[in-house]
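K.L.:
Quick one: sequence plus predicted model below, questions after.
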Amino acid sequence: MKKIISGVLSAVMLTSVLCACNDGGNQSNASQSGDNANSSQQVVTTEAATTQPATEPNYKDTNYVAPIPPKNQTYKFEEISLDDAAIPNGFSIDDSKFQIYNATVQGDYLVLKIKYNSSDSFFYNVIYDFDGNMVANISNIAIEEGYKKSALICGLCGDYTMIEMETSDYQEKAALYNLKTKEIKYIDSQYDTAWLDNGVIIVGKHGDDEYGYKYGALDLDFNDIIPIEYDGLSLISPELFMVKKEKEGEDGSHDEENDRFGLIDFNNKVVADIKYKKILPFTGVEGSGSREWGNFQELISFEKNINKYTVAVDENDKVVLIDKNGNTSDINVEMTESNLEDGRVICLYQDKTYIKTIKSLDSIDSIIYDLDSNLITEKAAGGSSHMGGFYNGYCITYDEKGTNLIDINGKVIYSKTIEQDMGFKVYPVDEKGLFTITYYSDEDVVKSEIVDLNGTVIYTSDSDSEIEAFGNGFFRQHNDRGYAVYKVAAE
């Protein structure tokens, strides 16, 4: 299942240069399913069904800081390869027609979306654990007769995954699959969409409008826990959900400016009135899933990154703090909705809260303060082309001399000088304390590196495709057959 490219790589100190850039990867499979609920999130119980959160929060152990390794740290570098165990029944890997179309980290699993080259429609998923061992080949699950084997994943949590199948005449059906027991349970056909969100099944049905949907939720035993009455529904923290209500404009059309959001608990009790123009998840991440930044936003997980409060935009366009009880308070930093650019806007480390904003509407420079208005750093990589803010305890910054990584105290732990004729892109630090640097010349990739928090180079590639980080020590790089997927682990 695993192919070792080179056994142990001694870390080599950085001697090359970084600089500015913008470019990115593909949208992940996970983000596509999450987009169906737009930006709203939640779950609730109607009467006496499920009343407990999908995951009990432990705020003491949240907002994880990746450790800095010793300077003599060595690493094992592996490529995750497709072999006969990951190929659909009836095919052979000798066909050489399979490619990794996309790679994501979902929960505690690595998910590869595989394409068979001779078909534009035959895609399937293979699930691996973080050791690179295959857990499930979705194309080989025993499904009902008449459905294609190219089932796709719509969410992963614990031992469960939601899969979506299609018939030859494009009829779709969803099922909940247990990765350990191999049990499969089909979702009732009354639902038009279904996906798994941290232990809760979000379901959707066509509303009165042919193109509109209403959303609700089921538990893992398919009991109703949220009535199908919301225009948007998704989990926003381990114990709260966000709901969306759409309001028609004067001409009867849907105008997103009129959408309003609120918070409910697992008993469908309103925690915050459905009156806000925007509420960020309690991870503090603006945006969902991965878009131009590959899969990296999936690194923010409820288990390791959850704040006691987040930010919301009220009806007067004021940005406020909102806690898990729906209470609001002012932010001592000037912010507007337009300041909430992609990235981690709010985070909590060691009982101290950090806010990311931007200098002005015409600037991409981010500024990070604590809630006492103390400046932590200026020129944090942010704005429209970078995912600014703290990820796993570290933030990317830059100045006239080069680029830096700072910790939650504003201390520079890594610095690199910039060559004036070079461009660069740095992905945020992952849970293993690893990040990537891509060097550009005239917008062409000339080199990519995987680096640790000591500034030691673990791996270098001269390919014209960048290496993208997507969490837990996994990286991907585009090639002529799709993606190569790598895993880096400390020895």
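P.N.:
That came through fine. Numbering: from 1, shown residues only.

K.L.:
what's the neighbour count on D464?
P.N.:
D464 has 11 neighbours, counted by other CB atoms under 10 Å. Where C-beta positions appear, they are placed from N, C-alpha and C, glycine not excepted.

K.L.:
For it, grab phi and psi.
P.N.:
Here is the backbone geometry of D464 (degrees, to the nearest 10): phi -80, psi 10.

K.L.:
So it versus K447, what's the distance?
P.N.:
10 Å (CB to CB, to the nearest Å).

K.L.:
What separation do you get for S465 and D480?
P.N.:
Separation of S465 from D480 (CB to CB): 10 Å.

K.L.:
close enough to count as contact, G402 and S415?
P.N.:
Yes. Assessed by CB atoms under 8 Å, G402 is found in contact with S415 at 6.2 Å.

K.L.:
give me every residue that touches E449.
P.N.:
Taking CB atoms under 8 Å, 6 or more residues apart in numbering, we find E449 in contact with 14, 16, 436-439, 457-461, 467.

K.L.:
That one pairs with what?
P.N.:
Here E449 sits in beta bridges with I437, T460, going by DSSP bridges.

K.L.:
do the same with L218
P.N.:
I201, D224.

K.L.:
Please verify my assumption that it contacts I225.
P.N.:
Yes. Contact status for L218 versus I225: in contact at 6.3 Å, counting by CB under 8 Å.

K.L.:
anything in contact with each of the two?
P.N.:
V200.

K.L.:
what residue ranges in the stretch 351-491 of the chain score low on pLDDT?
P.N.:
Scanning the stretch 351-491 of the chain with the threshold set as pLDDT under 70 gives 360-364, 382-386.

K.L.:
hmm, 80 instead?
P.N.:
Within the stretch 351-491 of the chain, the segments meeting pLDDT under 80 span 358-365, 380-387, 399-402, 418-421, 481.

K.L.:
now do the stretch 101-250 of the chain
P.N.:
For the stretch 101-250 of the chain, the stretches with pLDDT under 80 are 117-121, 142-150, 167-171, 207-212, 247-250.

K.L.:
Break down it into its strands, ranges please.
P.N.:
109-116, 123-128, 134-137, 152-157, 160-166, 172-178, 184-186, 193-197, 200-206, 213-218, 224-230, 232-235, 241-245 (DSSP state E, counting those that start in this stretch).

K.L.:
To G389, which of those lies closest?
P.N.:
The closest of these to G389 is strand 241-245. By CB to CB, the value is 20.1 Å.

K.L.:
Identify each buried residue in that closest one, please.
P.N.:
241-245 (16 or more other CB atoms under 10 Å).

K.L.:
between those residues, which is nearest D84?
P.N.:
Among these, and counting by CB to CB, the member closest to D84 is F241, at 42.5 Å.

K.L.:
Is that closest one bridged to anything, and to what?
P.N.:
L235, I264.

K.L.:
Please look at it and L233 and confirm they touch.
P.N.:
Yes. Counting by CB under 8 Å, L233 is a contact partner of F241 at 6.6 Å.

K.L.:
Could I get the contacting residues of A136?
P.N.:
A136 is in contact with 126-127, 161, 177, 179, counting by CB under 8 Å, 6+ apart.

K.L.:
Go ahead and list the helix or strand containing S329.
P.N.:
Using DSSP states H and E, S329 sits in strand 328-330.

K.L.:
Tell me the gap between the helix or strand following that strand and the middle of its chain.
P.N.:
The helix or strand immediately downstream of strand 328-330 is strand 343-344, counting by DSSP H and E. Between the centre of strand 343-344 and the centre of its host chain there is 11 Å, according to CA atoms, centre = their mean, to the nearest Å.

K.L.:
can you check stretch 58-66 too?
P.N.:
18 Å.

K.L.:
what do you get for stretch 181-192?
P.N.:
With CA atoms, centre = their mean, you get 25 Å for stretch 181-192.

K.L.:
Give me the contacts around it.
P.N.:
141-144, 159, 173-178, 194, 201, 203-206, 213, 222.

K.L.:
Equivalent analysis for stretch 327-335, please.
P.N.:
311-312, 314, 319-323, 355, 357, 369, 371-373.

K.L.:
Stretch 265-282: which residues count as buried?
P.N.:
Neighbour-count burial for stretch 265-282 flags 265-266, 268, 271-272, 274, 276-282 (criterion: 16+ other CB under 10 Å).

K.L.:
let me redo that: stretch 415-432
P.N.:
So stretch 415-432, judged by 16+ other CB under 10 Å, has buried residues 415-416, 418, 422-432.

K.L.:
can you check stretch 186-202 too?
P.N.:
Quick answer for stretch 186-202 (16+ other CB under 10 Å): 187, 191, 193-202.

K.L.:
and what of stretch 147-163?
P.N.:
Applying 16+ other CB under 10 Å to stretch 147-163 flags 147-158, 160-163 as buried.

K.L.:
now do stretch 445-457
P.N.:
Those would be 445, 447-457, for stretch 445-457 by 16+ other CB under 10 Å.

K.L.:
Reformat the residues you listed as TSV; add secondary structure.
P.N.:
TSV is the format used below for the buried residues of stretch 445-457 (DSSP: H, G, I helix; E, B strand; the rest coil):
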residue	secondary structure
V445	strand
K447	strand
S448	strand
E449	strand
I450	strand
V451	strand
D452	strand
L453	coil
N454	coil
G455	coil
T456	strand
V457	strand
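
K.L.:
Check those and tell me the two furthest apart.
P.N.:
V445 and N454 (24.4 Å).

K.L.:
quick revisit: just the contacts of E449 now: which is nearest N137?
P.N.:
For the contacts of E449, the nearest to N137 is I467 (26.1 Å; CB to CB).

K.L.:
mind listing what the closest residue to the closest one other than its chain neighbours touches?
P.N.:
Among residues not flanking I467 along the chain, S448 sits closest, at 4.0 Å (CB to CB, 6 or more residues apart in numbering). Shown in contact with S448 (CB under 8 Å, 6+ apart): 436-439, 460-461, 463, 465-467, 477.

K.L.:
can we see that at 7 Å?
P.N.:
Shown in contact with S448 (CB atoms under 7 Å, 6 or more residues apart in numbering): 436, 438, 461, 463, 466-467.

K.L.:
Please tell me how far it sits from Y483.
P.N.:
14 Å.

K.L.:
And for L371?
P.N.:
41 Å.

K.L.:
again, but for A86
P.N.:
Distance from A86 to Y483, by CB to CB: 14 Å.

K.L.:
Just list whatever residues bridge to D370.
P.N.:
Using DSSP bridges, the bridge partners assigned to D370 are Y354.

K.L.:
That one and T353 touch, don't they?
P.N.:
Yes. Using CB atoms under 7 Å, D370 makes contact with T353 at a distance of 6.5 Å.

K.L.:
Which parts of the stretch 251-400 of the chain are helices?
P.N.:
Using DSSP state H, counting those that start in this stretch, no helices are found in the stretch 251-400 of the chain.
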